[in-house]
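Visitor: Just need the structure, nothing else, for what follows:
(one chain, ligands or ions: 1)
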Amino acid sequence: MNSINFGQGVHETPFFPEDQETNLLNVCLTIKAELIASGTQGNDGLPQPSLTNEIHPLFKLSRWVTGPNQDTERIYNRLKPALRLASLLLTNPKAISSYWPRLLYGHHVHFSGYDCTRDYLEPSSRETSPSTPSAVSDTFLKMSKNVSFLFMFANPARPDLSRVFGITCPGRDISDSHTLVPFAKPFKWPRVQRHREHPTIGLHHSFYDFFAYQYLKASTSLRYRQLFVLAQTLVHEVAHAFSMFVHPERGELAVEPWYCREFMQDVTQRQELGWTWERYMFGGALIPINNNVEDMGPLAYSLHHRVPGQGQRVLVNGAEARFLGAYPGAHGAPRRMSMSFVTMEWVAGWFTAEGWREWEGSGVMLRAMGGHLVLVLDQTPEQTLVYVAEVFTGPGEEVWIG
Ligand SMILES: [Zn+2]
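Guide: Numbers count the residues shown, from 1 in each chain. Presented below is the predicted three-dimensional model:
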């Protein structure tokens, strides 16, 4: 599924782009004990969030729309661990050393006579210039004078929007038709510079409901899942906003290129700059398996893989995966998907200075996942064959499926 909406100039982040959550939930129920044993539910021993870095001006309270059911001030203290994590992801020198320079300086290649699905970013020598990290930081600071955040209201006319974590609109004038938060009283909007792009980032209202009404009785693990997915969503949407901000024509037309030409041939990649950032930073987009923001279940990231031949063994990191069973088929073309379940220690580690030091010291972008479970789903319209494997990945290692 192409998650870029070419028609309306808005970038949306689907919960579960593969649309296979029903199957997946059934599968997860059969391995519930293994999922718990592998650390996906967490325990009371998780450390408390302990990051103390400054919150980036992008996310400061004055950038949030206020009004009925937009009382961000009331929940701001509870959001702070997520805002600190999102801020670190946009200020840590290693975290911004790659990915962002391409968005800033990459040449947008468009093939005339084709639609945007073949657009991509060509590398530029400026990406590796010594001054580039500060140019990226400067751009974040400039954006912080022009971005607005809000919590979307449920939109009965757009049920598809109830299935997105966040959306980014290039301007406020087209924002309210998607978010149902009017650019009018009694809502108060942040100041922006009208002569520049002023993206609006809308978050699923369940984030608001969780932090306003359910936070106090939620477990530490559930709070962590909320905070992590919120931080991930914020930076994902900032990536869309960044692309619109430095290349306004992308905002107006909602033309978002592939991150690089090679990704067009890679079935595990997508033409979606926010998702590319998640892949680059975490190894994939972390999605709750129960497809629910408020009662967020274990987090897993999904990747597509090359469709296998008939009757082949499924190898995960070189070892044969265990066949779990045959489940109902999935509409559409045959495909192979993997779901890697992250442990709650992995999630909590991003909220501690020690976790970041460990990640920085390893010299690679992907933080070690350690031992975790991986599901492989081979889907055809007739049936879904499911395999499970327990794997160990060290720093920078992705799961290899063959
Ligand atoms: Zn997106």
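
Visitor: Excluding sequence neighbours, find me the nearest residue to the closest residue to the ion within the chain.
Guide: Per Cβ to the ion, residue 274 is where the chain lies closest to the ion, at 3.3 Å. Just so you know, the C-beta spots here come from the backbone N, C-alpha and C atoms, and that holds for glycine as well. Among residues not flanking residue 274 along the chain, residue 236 sits closest, at 3.6 Å (Cβ to Cβ, 6 or more residues apart in numbering).

Visitor: Determine the number of other residues adjacent to the one you found.
Guide: Neighbour count of residue 236, defined by other Cβ atoms under 10 Å: 27.

Visitor: Test my guess that it contacts residue 277.
Guide: Yes. The criterion here is Cβ atoms under 8 Å, and residue 236 meets it with residue 277 at 6.2 Å.

Visitor: tell me the secondary structure for the residue of the chain closest to the ion?
Guide: Judged by DSSP: H, G, I helix; E, B strand; the rest coil, the three-state class of residue 274 is helix.

Visitor: Please look at it and residue 240 and confirm they touch.
Guide: Yes. Counting by Cβ under 8 Å, residue 274 touches residue 240, with 5.3 Å between them.

Visitor: The stretch 151-300 of the chain: strands as residue ranges?
Guide: For the stretch 151-300 of the chain, the strands defined by DSSP state E, counting those that start in this stretch cover 164-169, 200-203, 286-288, 299-305.

Visitor: Pipe those strands into CSV and attach distance to the ion per row.
Guide: Formatted as CSV, these follow (distance: least, Cβ to the ion, whole Å):
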stretch, distance to the ion
strand 164-169, 7
strand 200-203, 11
strand 286-288, 13
strand 299-305, 15
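
Visitor: need those in JSON lines with mean pLDDT and mean neighbour count, can you?
Guide: Compiled in JSON lines, the strands of the stretch 151-300 of the chain are given as follows (pLDDT from 0 to 100; neighbours: other Cβ atoms under 10 Å):
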{"stretch": "strand 164-169", "mean pLDDT": "90", "mean neighbour count": "25"}
{"stretch": "strand 200-203", "mean pLDDT": "95", "mean neighbour count": "27"}
{"stretch": "strand 286-288", "mean pLDDT": "85", "mean neighbour count": "23"}
{"stretch": "strand 299-305", "mean pLDDT": "87", "mean neighbour count": "20"}
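
Visitor: Same list as before, these that is, but in a markdown table and with distance to residue 267 included.
Guide: Formatted as a markdown table, the strands of the stretch 151-300 of the chain follow (distance: least, Cβ to Cβ, whole Å):
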| stretch | distance to residue 267 |
| --- | --- |
| strand 164-169 | 23 |
| strand 200-203 | 29 |
| strand 286-288 | 18 |
| strand 299-305 | 5 |
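
Visitor: and of those strands, who's closest to residue 108?
Guide: For the strands of the stretch 151-300 of the chain, proximity to residue 108 was assessed by Cβ to Cβ; strand 164-169 is nearest, at 17.8 Å.

Visitor: The closest one - contacts with which helices or strands?
Guide: strand 10-14, helix 176-179, strand 200-203, helix 220-246 (3 or more Cβ pairs under 8 Å, 6 or more residues apart in numbering; DSSP states H and E).

Visitor: winner for burial among those?
Guide: Among the helices and strands packed on strand 164-169, ranked by average contacts under mean count of other Cβ atoms under 10 Å, first place goes to strand 200-203 (a mean of 27).

Visitor: So which elements touch that one?
Guide: Identification of packing neighbours for strand 200-203 by 3+ Cβ pairs under 8 Å, 6+ apart yields strand 148-151, strand 164-169, helix 176-179, helix 220-246.

Visitor: For the ones you listed, which has the smallest mean pLDDT value?
Guide: Ranked by mean pLDDT, the helices and strands packed on strand 200-203 bottom out at helix 176-179, which scores a mean of 84.
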